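A.B. asks: This is the structure alone, sequence omitted:
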């Protein structure tokens, strides 16, 4: 036995100055059965100690691991045809990987790949990181614990490129209070379990996401700010494709901190159960200066769903709600929305609260097709306010209000709303107006077309 350790240390010594660290050389069996956590971690440790390099999961191999820790200057390369596979045993996931910041969700505290205070690391390689997160492995019968795939805490300069992230037992990734992030050319397939978010950026700055596809069981991309000391700002998302059982993008909800300077462009959204863009301010931060342009949506019932209300989202949120600040400066332009295959619950839904307005919204150059089917009774329906009393312990979701009194845009408690060049095509008869404004100040409407004809008085209702 002592000779085995002697030769192992000789090997480690020989790696000084190397730039590539193949996990097979550190004892990984890579047979798809053996837990190779120690071997992979040894390769990472040797790589960072060397001053940087590449840890290789070799092509054609399946390497099974529990929790591993990424470190400075390490590129984790899962080569094409290789799989880094999460263990199906919950006990192989460690407990020192921070925690999920949302309330009532401690079952998602553990994760497969973790980094804390690390800098200049990369995950790439055209292979697959598979969380092995099916209900069979991580469900109620297995005790309820569901590890995330990736979690990075207070890291700087991170790149994830050209890789598939598949089948996490919970979220695909959580990025907490990180800076300088590039995500490009990745594919996320996250339908194996519940809460299968894609990329969740919490209090992150200088984030670029591009050329990627998302197939999720929950929100595909989330922008959050669970800590008032860490704003979410300088975010660009472009050239991506989204499909999901819930929301394409959610901005807010966890919102103690501020949000600023977000652009989303040149993306397609299809077959989404809830909403394309969910923009929600709840916990006392300020949200401003965001643009969304050149987006195509098909079978997305609420292209834009905006709410400004009070609700506790984070596990660290005190019982006393912070005063509401502001939500202002949003531009939505050049959308094509095709919802002819859906039911009548298809509209833009923008709502603040009495005396707490969302301010300065533009909707420009939007073409939308809906199925129709709304009734006169729908027009007379009273839409509930999103308050702590009506929400209880849950989020401000569309199900709390149901069918809207408009077939195109419903806006409430808005100050400064401009709608220019909005075209609506209705397949079946619908008794609801195209536009329904309730407590909208300084609204401006021009060039609204319904079924290829200029908007009539019946197509626009405005209530005080």
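C.D. replies: Cool, the structure landed. Owing to the predicted nature of the structure, the values given are computational and were not obtained by experimental measurement. Residues are numbered from 1 along each chain as shown.
A.B. asks: what packs against the helix or strand harbouring residue 44?
C.D. replies: Assigning secondary structure by DSSP states H and E places residue 44 in helix 37-49. Contacts defined by 3 or more Cβ pairs under 8 Å, 6 or more residues apart in numbering; DSSP states H and E place helix 37-49 against strand 20-22, strand 53-57, strand 62-65, strand 68-69, strand 74-78. The C-beta positions use only the backbone N, C-alpha and C, and glycine is treated the same way.
A.B. asks: Partner strands of the fourth one, with direction?
C.D. replies: Meaning strand 68-69. Strand pairing for strand 68-69, determined by DSSP bridges: strand 111-116 (parallel).
A.B. asks: what angle sits between the partner strand and helix 37-49?
C.D. replies: Strand 111-116 runs at 20 degrees relative to helix 37-49, counting by axes from the mean of the first three to the mean of the last three Cα atoms, to 10 degrees.
A.B. asks: rewinding a little: residues in contact with the helix holding residue 44?
C.D. replies: For helix 37-49, contacts defined as Cβ atoms under 8 Å, 6 or more residues apart in numbering pick out 12, 15, 21-23, 25-29, 53-55, 57, 63, 65-74, 76, 84, 87, 92.
A.B. asks: who's in contact with residue 302?
C.D. replies: Counted by Cβ under 8 Å, 6+ apart, residue 302 has contacts 274, 275, 276, 278, 346, 347, 348, 349, 398.
A.B. asks: who does the second one bridge with?
C.D. replies: Which is residue 275. Beta bridges link residue 275 to residue 247, residue 302, judged by DSSP bridges.
A.B. asks: what is the rounded mean pLDDT of whichever strand or helix holds residue 422?
C.D. replies: Element membership of residue 422, judged by DSSP H and E, is strand 409-426. What strand 409-426 shows for mean pLDDT is 98.
A.B. asks: burial measure for residue 392, as a count.
C.D. replies: 8 (other Cβ atoms under 10 Å).
A.B. asks: about what we covered before: listing partners with orientation, what would you give for the strand holding residue 422?
C.D. replies: Applying DSSP bridges, strand 409-426 is found paired with strand 348-351 (parallel), strand 358-370 (parallel), strand 435-450 (parallel).
A.B. asks: Could you say which one of the ones you listed comes nearest to residue 407?
C.D. replies: Of all those, it is strand 358-370 that lies closest to residue 407, at 5.8 Å by Cβ to Cβ.
A.B. asks: Show the subsequent helix or strand relative to that closest one.
C.D. replies: Reading on from strand 358-370 to the C-terminus, the next helix or strand found by DSSP H and E is helix 376-380.
A.B. asks: secondary structure element for the residue lying closest to residue 379 once chain neighbours are set aside?
C.D. replies: Nearest non-adjacent residue to residue 379, counting by Cβ to Cβ, 6 or more residues apart in numbering: residue 405, 4.8 Å away. Assigned by DSSP H and E, residue 405 falls within no helix or strand.
A.B. asks: what's the neighbour count on residue 405?
C.D. replies: Residue 405: 22 surrounding residues under other Cβ under 10 Å.
A.B. asks: can I assume it is in contact with residue 434?
C.D. replies: No: with contact defined as Cβ atoms under 8 Å, residue 405 does not count as touching residue 434 (11.2 Å).
A.B. asks: List phi and psi for the nearest residue to residue 435 once chain neighbours are set aside.
C.D. replies: Among residues not flanking residue 435 along the chain, residue 460 sits closest, at 4.7 Å (Cβ to Cβ, 6+ apart). Residue 460 adopts backbone torsions of phi -140, psi 120, taken as degrees, to the nearest 10.
A.B. asks: per-residue confidence for residue 460?
C.D. replies: 95.
A.B. asks: what's the answer for residue 66, then?
C.D. replies: pLDDT at residue 66 comes out at 98.
A.B. asks: So which of the contacts of residue 302 is surrounded by the most neighbours?
C.D. replies: Top of the contacts of residue 302 by neighbour count (other Cβ under 10 Å): residue 347, with 30 neighbours.
A.B. asks: ok, that residue touching residue 410?
C.D. replies: Yes: between residue 347 and residue 410 there is a contact under Cβ under 8 Å: 5.7 Å.
A.B. asks: Now list whatever residues contact both of those two.
C.D. replies: Common neighbours of residue 347 and residue 410 (criterion: Cβ under 8 Å, 6+ apart): residue 404.
A.B. asks: So the closest residue in space to residue 352 that isn't next to it in sequence versus residue 324, what's the distance?
C.D. replies: Residue nearest to residue 352 in three dimensions, not counting chain neighbours: residue 413, with 3.4 Å by Cβ to Cβ, 6+ apart. Applying Cβ to Cβ, to the nearest Å, the value for residue 413 to residue 324 is 12 Å.
A.B. asks: Find the residues that touch each one of those two.
C.D. replies: Listed as contacting both residue 413 and residue 324 by Cβ under 8 Å, 6+ apart are 308, 353, 356.
A.B. asks: Let's see the PyMOL selection covering just the buried ones among the contacts of helix 37-49.
C.D. replies: Typed into PyMOL, the line below selects the buried ones among the contacts of helix 37-49, using 16 or more other Cβ atoms under 10 Å:
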select buried, resi 15+21+22+23+25+26+28+29+53+54+55+57+63+65+66+67+68+69+70+71+72+73+74+76+84+87+92
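A.B. asks: low pLDDT regions in the stretch 1-150 of the chain?
C.D. replies: Counting by pLDDT under 70, the ranges of the stretch 1-150 of the chain that qualify are 1-17, 141-143.
A.B. asks: count of neighbours near the nearest residue to residue 391 once chain neighbours are set aside?
C.D. replies: In this structure, residue 391 finds its nearest non-sequential neighbour in residue 311, 5.5 Å apart by Cβ to Cβ, 6+ apart. Per other Cβ under 10 Å, the neighbour tally for residue 311 reads 22.
A.B. asks: That concludes my questions; thank you for your assistance.
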